[in-house]
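Novice: Sequence and predicted structure below; questions after.
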Amino acid sequence: MLSIVLVACNTATKEKEGGTTSETETDTETDTTTTETQENTPAKPQILVFGRGADSVSLDPAIVTDGESFKVTQNVFETLLNFGPQDTTIQPGLAKTWEVSSDGLSYTFTLEEGVKFHDGTDFNAEAVIKNVNRWKAGTAEDFYYFNSMFKAEGTDIITDVKADGDYKVIFTLSRPQAPFLKNIAMSPFGIASPTAFEAAGDAFGDKPVGTGPFKFVEWKRNDSITIEKFEDYWEEGLPKLDKVIFRSIPDNSARLNALNAGEIDLADGINPSDGKGIEANSALQLIERPSMNIGYLGLTNTRKPFDNVLVRQAVNYAINKQGIVDAFFEGRAQVAKNPMPPSISGYNDEVEPYPYDPEKAKALLAEAGYDGAPIELWAMPVPRPYMPDGAKVAEVIQKNLEDVGIPSKIVTFEWATYLEKTKNGEADAFMLGWTGDNGDADNFIYTLLDKDNIGSNNYAYYSNDKVHDLLIAAQSETDENVRIDLYKQAQVIIHEDAPWVPLAHSTPLLAAKAEVKGFLPHPTGSDRLLNVSIE
């Protein structure tokens, strides 16, 4: 017995030495291997596919005006100041502090240190100055926003910008500008790499370089734009996503189908009629963007028959705006009467809207001597936050105009072409809209309807000297109550001149997979994605 036991022990020892292990040892090593494998397996990349209604026009924020471009550039570039997560309060950005002189003519910004552009260029005071000088040197035709916001009556509002050391910049103004801080926080004023834009010239918009949480990767025209996490981003731990792909899917229903099929993770431009179905689907979440917009029918004031104010007023009476809101917005919009939404300070609620009155429209057309010549009615080719289905709304407007004796032909173009041609005054009547950039009345009325901005954002080519004087005075006024009164006066005149037919202020809808977390839609329509993640 003893001999058998000794032989057995000796055999077990040799088996261990030869590499054979006991059952217990095998389990232990297997568990260790499994743990090591789990630790060494890289985490699944965080990739967000964002479905949207149209492609960008350019990825140079300084030269565009469309929301589809800013949707991307907002995450590639950063501005000196930021807005709040879901409002237009002023927050630090690339500038961590700022001071305003008592006379309102000098703004001093202290910049963040250690920030890099995606190409390795240092962000500093010199970079800011080169950006501002680039904007100032640009023509009104190319740099729409800068000329709209920082030039008035042919004069530069920003007369000088200089450095005080490497990380302090001083702006000097020719006159006080009440919304200056809000203006400088807008998406068009994202700070670009001087190295990149000096080398690229006009091609900078094809390969943008900023300091943002994401850097540009690829642009497949009319298909997708890809940006990826910038590993050297200056805010620690951000962004949470590794990559964002913006996919262009023009049809609203097709975009929702793509979301349901798992092809995309987030979709904007959701039809109001689909809202309840999304809310009932536990796999999805319905997201409402805070409303700060206006959808309108523009009437080019320099083209017949809309060079006659009576014809423009007639069209305002001819269109059933409440019917349009009821049919296409599912209760998620309100009928508009002014060129800015009621959420903006300075809104004039005492203005009486044009009622739907076809007979009054006919009488005004007769008084104007309108001869029944047909017009072109331009319909947007893509869904927009302020107009979820431009083509169908155009058909309703066409029928309303026909009922009062104005024959029309519906015309459309590819989105970038549509914007360019309307800007050039080539349309008779056109559908467009505006999502506010900074929450100030100046950004609606002055930007869209002042004579200074004809050929840029004033697509209607509307000009009224009295309105201009009121808006310039409001820009320079620091007393908010006085500013409000000036804007209210301007709205009364604009209402009488009827350069547009204001249609609706919408609550834009988005939808996302339930797993998408941290997405906060901004009222400006330019969403920062640095805190978004996918669970």
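Specialist: Yes, it's here. The structure presented is a predicted model; accordingly, all values stated were derived computationally and were not measured. Numbering: from 1, shown residues only.
Novice: if I pick the closest residue to residue 273 other than its chain neighbours, what's in contact with it?
Specialist: Of all residues not flanking residue 273 in the chain, residue 330 sits nearest, at 5.4 Å (CB to CB, 6 or more residues apart in numbering). From N, CA and C alone the C-beta is placed, and that goes for glycine too. For residue 330, the contact set (CB atoms under 8 Å, 6 or more residues apart in numbering) comprises 272-273, 275.
Novice: Can you tell me which of those end up in helices?
Specialist: Cross-referencing these against helices under DSSP state H gives residue 275.
Novice: What is the nearest of the contacts of residue 330 to residue 156?
Specialist: Taking CB to CB as the measure, residue 156 lies nearest residue 272 of those, at 43.1 Å.
Novice: surely that closest one meets residue 329?
Specialist: Yes: assessed by CB atoms under 8 Å, residue 272 is found in contact with residue 329 at 5.1 Å.
Novice: do you know how far the residue nearest to residue 273 is from residue 276?
Specialist: Between residue 330 and residue 276 the distance, using CB to CB, to the nearest Å, works out to 8 Å.
Novice: Give me the neighbour count for residue 458.
Specialist: By other CB atoms under 10 Å, 23 other residues sit near residue 458.
Novice: try residue 244
Specialist: With other CB under 10 Å as criterion, residue 244 counts 25.
Novice: Likewise for residue 520?
Specialist: Applying the criterion other CB under 10 Å, we find 15 residues in the vicinity of residue 520.
Novice: quick revisit: which pLDDT value belongs to the residue nearest to residue 273?
Specialist: Note on residue 330: pLDDT of 88.
Novice: Endpoint to endpoint, stretch 141-158 covers what distance?
Specialist: The straight-line separation of the ends of stretch 141-158 (CA to CA, to the nearest Å) is 19 Å.
Novice: Now do that stretch: distance to the chain's middle.
Specialist: In terms of CA atoms, centre = their mean, to the nearest Å, the centre of stretch 141-158 is set 20 Å apart from its chain centre.
Novice: buried residues in it?
Specialist: Within stretch 141-158, the residues that count as buried by 16 or more other CB atoms under 10 Å are 143-152, 157-158.
Novice: need those in TSV with secondary structure, can you?
Specialist: What follows is the buried residues of stretch 141-158, written out as TSV (DSSP: H, G, I helix; E, B strand; the rest coil):
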residue	secondary structure
143	coil
144	helix
145	helix
146	helix
147	helix
148	helix
149	helix
150	helix
151	strand
152	strand
157	coil
158	strand
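Novice: From those, which shows the smallest pLDDT?
Specialist: Among these, residue 152 has the weakest pLDDT, 76.
Novice: what pairs with that residue across the strands?
Specialist: Taking DSSP bridges as the rule, residue 152 bridges to residue 155.
Novice: Surely residue 370 and residue 307 touch.
Specialist: No: Residue 370 is not in contact with residue 307 according to CB under 8 Å; the separation is 11.4 Å.
Novice: Low-confidence ranges, this protein, go.
Specialist: By pLDDT under 70, the weakly predicted segments of the chain are 1-42.
Novice: Roughly how far does the residue nearest to residue 273 sit from residue 389?
Specialist: Residue 330 is 11 Å from residue 389, by CB to CB.
Novice: Could you do residue 85 as well?
Specialist: Residue 85 is 29 Å from residue 389, by CB to CB.
Novice: re the thing from before, more neighbours: which of residue 370 and residue 307?
Specialist: Taking other CB under 10 Å, residue 370 and residue 307 do not tie; residue 370 has more neighbours (19 against 13).
Novice: what's the neighbour count on residue 81?
Specialist: 20.
Novice: show me the contacts for the nearest residue to residue 195 once chain neighbours are set aside.
Specialist: Leaving out its chain neighbours, the residue that sits closest to residue 195 by CB to CB, 6+ apart is residue 121, at 4.5 Å. Residue 121 sits next to 127, 193-196, 209 when contact means CB under 8 Å, 6+ apart.
Novice: again, but for residue 55
Specialist: 68, 221-223, 225, 248, 415-416.
Novice: ok, now residue 419?
Specialist: Going by CB under 8 Å, 6+ apart, residue 419 touches 57, 65-66.
Novice: Repeat that for residue 373.
Specialist: Neighbours of residue 373 in contact, by CB under 8 Å, 6+ apart: 304-305.
Novice: A helix includes it, no?
Specialist: No: using three-state DSSP, the assignment for residue 373 is coil, not a helix.
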